[in-house]
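Participant: Please find the sequence and the predicted model below.
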Amino acid sequence: MNRLDIQCDLAERMLVQFLRKEAGKFGFRRAVLGLSGGIDSALSAALAARAFGADQVLGVMMPYRTSNPSSEADARTVAAALGIATRKVDISAMVDGYFAQVPTADRMRRGNAMARSRMIVLYDLSVEWKGLVIGTSNKTEILLGYSTQFGDSASALNPLGDLYKHQVFQLARHLGLPECVLEKAPSADLFEGQTDEAEIGHSYRDLDALLFEMVDERRSETELIGRGFAPDFVRNIVRRMALNQYKRMPPVIAKLSERTVNHDFRYLRSWGH
Amino acid sequence: MQCRVELSQIDPTLGNLDANLAMHIAQARSALQRGAQLVLFPELSLTGYFLRDQTPEVALRVEDARLQPLRELSREVTLGVGFVERGSDERLYNSYALFEDGRIVGIHRKVHLVTYGMFDDARDFAPGEGFRIVESRHGRLGILICEDMWHFSAAWLHFLGEADAIIVPSASPGRGIRAGGEEGLHSARVWNRLQDAMALLFQTWILYVNRAGSEDGLIFSGGSRVVDPFGEETARLPLLETGSLSCQVDSETLRRARVATPLRRDEKPQLVAAEIARICGQRGP
């Protein structure tokens, strides 16, 4: 038993209801999402398939020429298991077309461009499919800012945003997702051999445990260190969360008038719906 | 009191008065056909909950013509309805009105505005200024809107006021899904504990009516229920879904509870008042 364990039946019920209800308010009964072959997008797809019906969900595979071919194979396994529709859009030409003009760009810039190219594809196909883009970012990566702003973090509705990585795995197992996504090491697959844990420098196990106590339980830095978390680890993560706050915010607007969007013009997305 | 209560666990549309009003009328009419004498809707049932800047846009004065259909219907059935009340000086209140015999017979303005965590009531509402019993044809009714119930003193005042039933309209988002303990939403379990305790201590019927549906990512937990004056649950609605339940509420159970354990008789309000005066005198309010 892990302290982060959740009641999967209840989470499934709430998330399915959330997707159906929040999409339905605006007349949407279909969903589009990127299917990477990883566990997050597999779980989002599974929840969307339950909310809208498998045939109403489009899983889009968007490999770049350096992507690991096993990612696409795993994505196809997930789509077949769920019975959702699929589409493949190779983003190599989009990304390479741009970088032909900016050849000096480093690996990070190229990775960001890949993530944003995928966003362009999903938002374009959402028009054709008449479905909302469903997000695949979990709570761990949102808190750490381990995502590309306006790239993989972009979506209309995100059913995973309040689930730590451990909980994503737990719910994915509960929903019977294929072993291939449950077993492999999480990776953004932006370059060869990349894994989340190597790049972030900590295991998801440690990250989830710390974030849960810090964010959900509101424990202070001193208390966390007293409970056995390494001081450097705690400070590094606190710094990282603050540094990436911008990724969790809409663009900042300078206030000039009497009433300003996001400052004192306050309406829910559900305004009137 | 002797009446058939119906709790209507609805999912109002945020800021759409016309649609919500139509839903109230339809729900109340069908409850009436099922024999209901008192139909209760959740907190801010006419408007939805997380209104923010919509609050003044959907506010109504108690005499507003748009409430006329509710006044009319209340000649046949008593209705408890939540709405944004526009008071004097443009003050807005999170209010709950009881419509009966063609008029509003009582109104409660939420006193304990919830302003922490995901809530920001006090940004948009002025607080109510008291806890008064409403004399209804069905008995002496107290009203505590959502967070009011989290303050023991509020329910205690209705106990002193000899309430037969306390109506608790709510808009509580569900939260807390950890495994390893009791099943269900943690927030709903805590609510149940509160209701059971207040019913037991204050020997009154508790009529808790929460809403369903979601506003953005906040998913209201439902779980409306009736607790008797012994603190025992007599009826409940499922979590998270819309629905309605009908339940008989009577004076006999009140009488038996109060005879068995005469807590009101033995209460010492004047002693408490003196102690409150002393403590407030020492420490400020």
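Facilitator: Received, thanks.

Participant: Only C-alpha atoms from now on, for both contacts and neighbour counts.
Facilitator: Noted.

Participant: Get me the contact residues on the stretch 1-150 of chain B for chain A.
Facilitator: Contacts of the stretch 1-150 of chain B with chain A, taken as CA under 8 Å from any CA of the partner chain, map to B:13-16, B:50-54.

Participant: try it again with 7 Å
Facilitator: B:13-16, B:52-53 (CA under 7 Å from any CA of the partner chain).

Participant: quick one: which two of those residues are the most distant?
Facilitator: Maximum pairwise distance among these (CA to CA): 15.4 Å, between B:T13 and B:D53.

Participant: quick one: which of the two has more around it?
Facilitator: More crowded of B:T13 and B:D53, by other CA atoms under 10 Å in any protein chain shown: B:T13, with 24 against 16.

Participant: Let me know the helix or strand that B:P229 is in.
Facilitator: Element membership of B:P229 [criterion: DSSP states H and E] is none; it lies in no helix or strand.

Participant: mind checking how far it is from A:L163?
Facilitator: To A:L163, B:P229 is 40 Å away according to CA to CA, to the nearest Å.

Participant: more neighbours, the two?
Facilitator: Neighbour count, other CA under 10 Å: between B:P229 and A:L163, B:P229 has more, with 27 against 21.

Participant: how close does that one get to chain A?
Facilitator: According to CA to the nearest CA, to the nearest Å, B:P229 stands 31 Å off from chain A.

Participant: That residue contacts B:A199, doesn't it?
Facilitator: Yes - between B:P229 and B:A199 a contact is recorded at 5.2 Å, counting by CA atoms under 7 Å.

Participant: which neighbours do these two share?
Facilitator: B:W205 (CA atoms under 7 Å, 6 or more residues apart in numbering or on different chains).

Participant: A:L211: neighbour count?
Facilitator: 22.

Participant: Would you quantify the distance from it to chain B?
Facilitator: Note on A:L211: its distance to chain B, by CA to the nearest CA, is 15 Å.

Participant: go on, A:G228?
Facilitator: Look at A:G228 and chain B: by CA to the nearest CA, they are 23 Å apart.

Participant: how about that residue, secondary structure?
Facilitator: Secondary structure, DSSP: H, G, I helix; E, B strand; the rest coil: A:G228 is coil.

Participant: my read is A:G59 is in a strand, agree?
Facilitator: Yes - looking at A:G59 with three-state DSSP, it is inside a strand.

Participant: in the sheet, who's paired with it?
Facilitator: Beta-bridge pairing for A:G59 (DSSP bridges): A:L33, A:T86.

Participant: Pass me the low-pLDDT residue ranges in the chain, would you?
Facilitator: Since you didn't name a chain, this refers to chain A. Judged against pLDDT under 70, chain A has no low-scoring part.

Participant: not what I meant, chain B
Facilitator: Within chain B, the ranges that satisfy pLDDT under 70 run B:283-285.

Participant: Can you show me the helices along it?
Facilitator: Ranges of helices within chain B are B:17-33, B:68-73, B:121-124, B:152-160, B:186-202, B:251-260, B:263-266, B:269-283, based on DSSP state H.

Participant: Give the other helices and strands that the fourth one contacts.
Facilitator: In other words, helix B:152-160. Applying 3 or more CA pairs under 7 Å, 6 or more residues apart in numbering or on different chains; DSSP states H and E, one finds that helix B:152-160 contacts no other helix or strand.

Participant: Pull out the buried positions in it.
Facilitator: Across helix B:152-160, burial judged by 16 or more other CA atoms under 10 Å in any protein chain shown covers B:154-159.

Participant: Check those and tell me the two furthest apart.
Facilitator: B:A154 and B:F159 (8.8 Å).

Participant: What about A:F26, how many residues nearby?
Facilitator: So A:F26, with other CA under 10 Å, has 11 neighbours.

Participant: From chain B, how far out is the nearest residue to A:G37 once chain neighbours are set aside?
Facilitator: With sequence-adjacent residues excluded and distances taken as CA to CA, 6 or more residues apart in numbering or on different chains, A:G37 is closest to A:A75, at 3.9 Å. In this view, A:A75 and chain B are 27 Å apart by CA to the nearest CA.

Participant: now the strands: where do they sit in the chain?
Facilitator: The chain I'm using is chain A. For chain A, strands defined by DSSP state E occupy the ranges A:31-34, A:57-61, A:85-88, A:132-133.

Participant: my bad, the chain I had in mind was chain B
Facilitator: B:2-9, B:38-40, B:78-86, B:92-100, B:103-109, B:134-136, B:139-143, B:165-169, B:205-209, B:214-215, B:218-219, B:225-227, B:233-236, B:243-250.

Participant: Reformat these as a markdown table; add distance to A:D264.
Facilitator: Formatted as a markdown table, the strands of chain B follow (distance: least, CA to CA, whole Å):
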| stretch | distance to A:D264 |
| --- | --- |
| strand B:2-9 | 32 |
| strand B:38-40 | 34 |
| strand B:78-86 | 20 |
| strand B:92-100 | 18 |
| strand B:103-109 | 25 |
| strand B:134-136 | 38 |
| strand B:139-143 | 32 |
| strand B:165-169 | 29 |
| strand B:205-209 | 32 |
| strand B:214-215 | 19 |
| strand B:218-219 | 21 |
| strand B:225-227 | 38 |
| strand B:233-236 | 40 |
| strand B:243-250 | 36 |
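
Participant: As TSV, the ones you listed with distance to B:A188 and mean neighbour count would be great.
Facilitator: What follows is the strands of chain B, written out as TSV (distance: least, CA to CA, whole Å; neighbours: other CA atoms under 10 Å in any protein chain shown):
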stretch	distance to B:A188	mean neighbour count
strand B:2-9	14	24
strand B:38-40	19	27
strand B:78-86	21	26
strand B:92-100	22	25
strand B:103-109	24	21
strand B:134-136	27	16
strand B:139-143	20	24
strand B:165-169	14	27
strand B:205-209	11	29
strand B:214-215	16	26
strand B:218-219	12	19
strand B:225-227	11	26
strand B:233-236	12	16
strand B:243-250	16	19
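
Participant: Tell me how many other residues crowd residue 238.
Facilitator: By default, I'm working from chain A. The tally of other residues near A:V238 (other CA under 10 Å) stands at 16.

Participant: Correction: the question concerned chain B.
Facilitator: Counted with other CA under 10 Å, B:P238 comes out at 15.
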